[in-house]
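1. After the sequence you'll find the predicted model.
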Amino acid sequence: MKPHCWVRASDSDFTGPLPQPRSGHTAVNIGKSMIVFFGGLVDKKFLNDVTVYDIDNNMWFQPEFMGSGSDGNTGPSPRAFHVAVSIDCHMFIFGGRSGANRLGDFWVLDTDIWQWSQLTTFGDLPSPRDFAAVSVQWKRLHIINEPPAARAYHSMNCVGSRYLLFGGFDGKSTYGDLWWLVPEDDPIAKRSGISSSEVVPERDTTMEEKESQREGDAITELQKRLQISGLLSTSVQIVDEMEDKELIQQALRVGGKDAAVQALRDHWVRSAPESITLKEIAPLLHDYQRLITRHHM
């Protein structure tokens with residue numbers, strides 16, 4: 001696989017109004033002609049707008065809708081951390097979060113006529129949920145330059161041989177920047193400032209996949225031996241600090257129970273990544289998700 005590089009999108013790449021900064025949104029490819037962005041969150045405000053990237057014309061636009069739901073609205077209520085998938089010309093939306101509420105409604109958007117419909121007659125729907133996931137298969141790309149700022153709850157979509165990254169949240173700031181991830185021979189790759197002479201040869205991908213599998217097996221084995229829970233299981237409910245047994249166990253090593261949780265967080269902020277022990281990783285990530293959710297509320 002060819003080496004790839006990150007390139008900040010420029011104004012000349014697009015026409016039309018860009019989507020506003022957000023995180024927790026969804027973005028799905030409708031065929032090879034468009035990407036449909038829905039919902040998300042910015043400054044504690046949940047969104048239900050739709051912005052479309054027309055791939056063929058490099059143009060952003062916001063369509064006008066028809067349709068109605070059981071509550072009389074023309075489309076889904078504002079939300080973030082929902083699930084979206086596309087089938088043919090349709091985008092399906094399920095669940096998510098709005099304020100302190102988990103949602104369980106199911107909607108479909110027909111992008112041929114821009115009409116929302118609420119689906120209520122397809123048997124028993126799943127229970128309300130947020131932070132759900134859709135199964136994917138990972139493959140590591142060989143990247144030859146510095147990536148964008150670290151973030152979570154962003155979107156990334158395939159546009160031909162390129163990938164388009166948008167938005168996200170880093171714990172403090174909500175992003176509205178757009179980035180291309182492109183092969184090194186892409187015409188816009190020269191904007192990254194990387195020359196071909198600087199490219200490091202890519203490792204054998206078969207070996208990488210085997211090593212990744214061995215690492216995964218090793219981590220699973222360590223989790224069993226050290227009795228730490230799955231790090232990012234979507235079945236884990238977000239609980240209060242005082243009910244998070246793993247967090248309290250780590251916090252008690254720092255100080256008394258009442259002040260220990262904040263002391264533990266301060267310890268993590270000050271710590272270098274390599275100094276964090278394996279037993280701390282699961283409670284750290286669960287606490288990060290809890291704080292992100294609380295910040296959004």
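-> Looks like it came in fine. Residues are numbered from 1 along each chain as shown.
2. just checking, Asp105 touches Gln118?
-> Yes: between Asp105 and Gln118 there is a contact at 6.5 Å, judged by Cβ atoms under 8 Å. All C-beta atoms are positioned from the backbone trio N, CA, C, and that covers glycine.
3. what do the two both touch?
-> Listed as contacting both Asp105 and Gln118 by Cβ atoms under 8 Å, 6 or more residues apart in numbering are Gly69.
4. Helix or strand with the lowest mean pLDDT in this protein?
-> Using mean pLDDT, DSSP states H and E, the weakest-scoring helix or strand in the chain turns out to be helix 205-226, at a mean of 51.
5. mind exporting the following helix or strand past it as CSV, just the C-alpha atoms?
-> Following helix 205-226 in sequence order, the next helix or strand is helix 245-251 (DSSP states H and E). Extracted as CSV, the C-alpha positions of helix 245-251 are listed here (Å, rounded to 0.1, in the frame of the first residue of the first chain):
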residue,chain,number,x,y,z
LYS,A,245,-14.9,0.4,41.4
GLU,A,246,-11.8,0.4,39.2
LEU,A,247,-11.5,4.2,39.4
ILE,A,248,-11.9,4.2,43.2
GLN,A,249,-9.4,1.4,43.6
GLN,A,250,-6.8,3.4,41.7
ALA,A,251,-7.8,6.6,43.5
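6. Report the buried residues of helix 245-251.
-> Using 16 or more other Cβ atoms under 10 Å as the test for burial, helix 245-251 gives Glu246, Leu247, Ile248, Gln250, Ala251.
7. Kindly report the same for stretch 104-118.
-> Asp105, Phe106, Trp107, Val108, Leu109, Asp110, Thr111, Trp116, Ser117, Gln118.
8. got any ranges where the stretch 1-150 of the chain has weak pLDDT?
-> Residues of the stretch 1-150 of the chain meeting the criterion pLDDT under 70: 70, 121-123, 125, 132-136.
9. can you give me the end-to-end distance of stretch 103-116?
-> Separation of the first and last residues of stretch 103-116 by Cα to Cα, to the nearest Å is 17 Å.
10. Show me the contact partners of it.
-> Residues from elsewhere that reach stretch 103-116 (Cβ under 8 Å, 6+ apart): 30, 34, 36, 38, 50, 52, 63-69, 74-77, 79, 82, 89-97, 117-120, 122, 125-130.
11. Can you flag the buried ones in those?
-> Burial by neighbour count, judged by 16+ other Cβ under 10 Å, picks out 30, 34, 36, 38, 50, 52, 67, 69, 75-77, 79, 82, 91, 93-97, 117-118, 129-130 from those.
12. Just the residues you listed: which are in strands?
-> 30, 34, 36, 38, 50, 52, 67, 91, 93-97, 117-118 (DSSP state E).
13. Of these, which is the nearest to Ala282?
-> Among those, Arg97 lies closest to Ala282 (Cβ to Cβ), at 22.4 Å.
14. contacting residues for that closest one?
-> Counting by Cβ under 8 Å, 6+ apart, Arg97 touches Gly24, Phe46, Arg79, Ala80, Phe81, His82, Leu103, Asp130, Phe131, Thr293, His296.
15. nearest to Arg162, of the residues you listed?
-> Closest to Arg162, out of all of the contacts of Arg97 and judged by Cβ to Cβ, is Gly24, at 23.7 Å.
16. What separation is there between the closest one and Asp130?
-> Distance of Gly24 to Asp130, given as Cβ to Cβ, to the nearest Å: 9 Å.
17. Next, show the common contact partners of those two.
-> Residues within reach of Gly24 and of Asp130 at once, by Cβ under 8 Å, 6+ apart, are Ala80, Phe81, Arg97.
18. May I see the buried residues of the helix or strand hosting Val269?
-> Val269 belongs to helix 257-270 when assigned by DSSP H and E. Residues of helix 257-270 classed as buried by neighbour count (16+ other Cβ under 10 Å): Ala260, Val261, Leu264, Arg265, His267, Trp268.
19. Lovely, talk soon.
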